[in-house]
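**Student:** Give me a model of this one.
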Amino acid sequence: MIRPAPQPTAPAGRIIAIASGKGGVGKTWFAITLSQAIARQGLRVLLVDADLGLANVDVQLGFQPARDLSAVIAGISGVRDAAIAHPAGFDILAGRSGSGALAMLDAASLGAVLAMLPQAAAEWDRVVVDLGAGLEAPQRRIAAAADTLLVVATEEPTSLTDAYAVLKLHARDRPDGDARIVVNLASDAASGARTHAALARAAATFIKRNVKLAGVVRRDAKVRDAIRHQMPLLTRHPGCTAARDVEAVARDL
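**Tutor:** Numbers count the residues shown, from 1 in each chain. Below is the predicted model of the structure:
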């Protein structure tokens, strides 16, 4: 069993990890949009791009960070100094694409990431961690350290298989953990609910775990437009279908 990082004794914010078994399901876009939706509730939010090898929060939002997660890991900078205030109302601790995949972190560097999370939760109300896609030990350790794990899946069979694998490993690493499913790119709400039901049945049958539905985000052409313009969805298209769906996830959290 992979043990979660120790939690601080003082009251702290909540750590929400965003994971997926495979790439291409909209995980990073969802992490950005969820961070903005939570911030619009009046909470202080830090979005951590924890995929050092393929970090792309900065690319999706069109900025170049002076400092990033690698500087925090190396002890060059604290989280507060490295975090960037985004005009959309939340802060970002960027990763750096090509600086070395998260899976290749040594024990000391991974320990620094795990120690950083509760420290950040002491300063921000919510810490949203965008994990790299995959099932390697570092992703699992960070997921186990989170208060809530949101697994992003689509209706594609391969995505469902990979999402189930993430749930299975998380149940092993954190038996008491809170893992929920977000169905992204759903053709409609009913189809998204069926996708969750299939995953929930498998989890209940084989890993004896009740996996809740965090929400269904319907397919929306406005998402592609916002990404193309390197703008958060709730800024460029605040009333669109996908925006409303992510705001519903934020409310339920």
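**Student:** So what's the residue count around Ser187?
**Tutor:** Applying other CB atoms under 10 Å, we find 11 residues neighbouring Ser187. Quick note: C-beta positions are derived from backbone N, CA and C, even for glycine.
**Student:** any idea how far the closest residue to it other than its chain neighbours lies from Leu117?
**Tutor:** With CB to CB, 6 or more residues apart in numbering as the criterion, Ser187 has its nearest non-adjacent residue at 6.3 Å, and that residue is Arg219. Distance of Arg219 to Leu117, computed by CB to CB, to the nearest Å: 32 Å.
**Student:** neighbour-wise, which of those two wins?
**Tutor:** More crowded of Arg219 and Leu117, by other CB under 10 Å: Leu117, with 25 against 18.
**Student:** just checking, what packs against the helix or strand harbouring the more buried one?
**Tutor:** Here Leu117, judged by DSSP states H and E, is contained in helix 107-121. The contact analysis (3 or more CB pairs under 8 Å, 6 or more residues apart in numbering; DSSP states H and E) places helix 107-121 against strand 14-19, strand 45-49, helix 69-73, helix 79-82, strand 126-130, helix 137-145.
**Student:** Quick check: which of those is buried the most?
**Tutor:** strand 45-49 (a mean of 29; mean count of other CB atoms under 10 Å).
**Student:** for that strand, packing partners?
**Tutor:** helix 27-39, helix 57-61, strand 91-93, helix 107-121, strand 126-130.
**Student:** Assign a three-state SS to the residue lying closest to Ala94 once chain neighbours are set aside, would you?
**Tutor:** Among residues not flanking Ala94 along the chain, Pro65 sits closest, at 3.9 Å (CB to CB, 6+ apart). What DSSP: H, G, I helix; E, B strand; the rest coil gives for Pro65 is coil.
**Student:** Pro65 - how many residues pack around it?
**Tutor:** 19.
**Student:** So for it, what pLDDT did the model give?
**Tutor:** You'll see Pro65 listed with a pLDDT of 87.
**Student:** my guess is it contacts Ala83, does it?
**Tutor:** No. Taking CB atoms under 8 Å as the contact criterion, Pro65 and Ala83 are not neighbours in contact, 9.3 Å apart.
**Student:** Between these two, which contacts overlap?
**Tutor:** Ile92 (CB atoms under 8 Å, 6 or more residues apart in numbering).
**Student:** circling back: output the helices and strands packed on helix 107-121 in TSV, with distance to Val152 appended to each entry.
**Tutor:** Output for the helices and strands packed on helix 107-121, formatted as TSV (distance: least, CB to CB, whole Å):
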stretch	distance to Val152
strand 14-19	6
strand 45-49	15
helix 69-73	20
helix 79-82	25
strand 126-130	10
helix 137-145	13
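**Student:** how long is stretch 61-69 end to end?
**Tutor:** With CA to CA, to the nearest Å as the measure, stretch 61-69 spans 17 Å from end to end.
**Student:** What lies in contact with that stretch?
**Tutor:** 32, 48-50, 52, 55, 58, 76-77, 81-82, 84, 86, 92-96, 99, 113, 230-232.
**Student:** next one: stretch 158-165
**Tutor:** So stretch 158-165 is in contact with 20-22, 25, 135, 151-153, 181, 195, 198-199, 202-203, going by CB under 8 Å, 6+ apart.
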